[in-house]
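**Student:** Structure for this input, please:
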Amino acid sequence: MLSTLGVRVRRWIEGVLDRIVTRAVRAAVEALYPPSRNGAPDGVETDLANRTLAHINALPRTVRVQVKAMFLAVELLSPIAAPGGLFFSWRSPARRLADVQRWRHSWIDPLRLIATGLHAQLQMIYLSHPKVSAFMGEYKTVAYPDDPYVMPVRPLPPAPYAPEAP
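**Tutor:** All right, here's what the predicted structure looks like:
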């Protein structure tokens, strides 16, 4: 009975923490990847929040715990780290963006590391989306038939220093 209660409590705590992580990821995506005036895909168009959460859940347990702790820290420490006393997800997107930018340039090392890690995590997932690659003009130099991402193929031009064939 006692061990079953402990398992249920642990699962309940993990569920609460997962909901906080989800809230923090969605809030960070909304703030850092808003709709763009120049036509770049935004966080909604690239499904960045769901892809980030799927990536986090696919990580090995030790790394997953660290990444989730980073998002928990952003959500739960934001009333202390930024004036206003609100959780990260409760702030306006403009305020969240300003907070993350300020934290990335902070003289407090843990705060700077957390904000830089948050930005890097989301940027990695964002830049891996095919729509973003197409917007940036990314192309392949060799076609791979088994590759699920279709991209334009442009062969490399011959090198100007290549020796002539005899």
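
**Student:** what about Glu45, how many neighbours?
**Tutor:** Residues lying near Glu45 (other Cβ atoms under 10 Å) number 14. Yep, even glycine has a C-beta here, placed from its N, CA and C like the rest.

**Student:** do the one 4 residues further on as well
**Tutor:** Taking other Cβ under 10 Å as the neighbour definition, Ala49 ends up with a count of 20.

**Student:** per-residue pLDDT, it?
**Tutor:** The predicted local distance difference test score for Ala49 is 93.

**Student:** And it, how far from Ile108?
**Tutor:** Distance, Ala49 to Ile108, by Cβ to Cβ, to the nearest Å: 27 Å.

**Student:** Quick check: buried residues in whichever helix in the chain runs longest?
**Tutor:** The single longest helix within the chain, with elements called by DSSP state H, is helix 2-32. Residues of helix 2-32 classed as buried: 17, 20-32 (neighbour count, 16 or more other Cβ atoms under 10 Å).

**Student:** what do you get for stretch 55-62?
**Tutor:** By neighbour count on 16+ other Cβ under 10 Å, the buried set for stretch 55-62 is Ile56.

**Student:** What mean pLDDT does it get?
**Tutor:** According to the model, stretch 55-62 has a mean pLDDT of 94.
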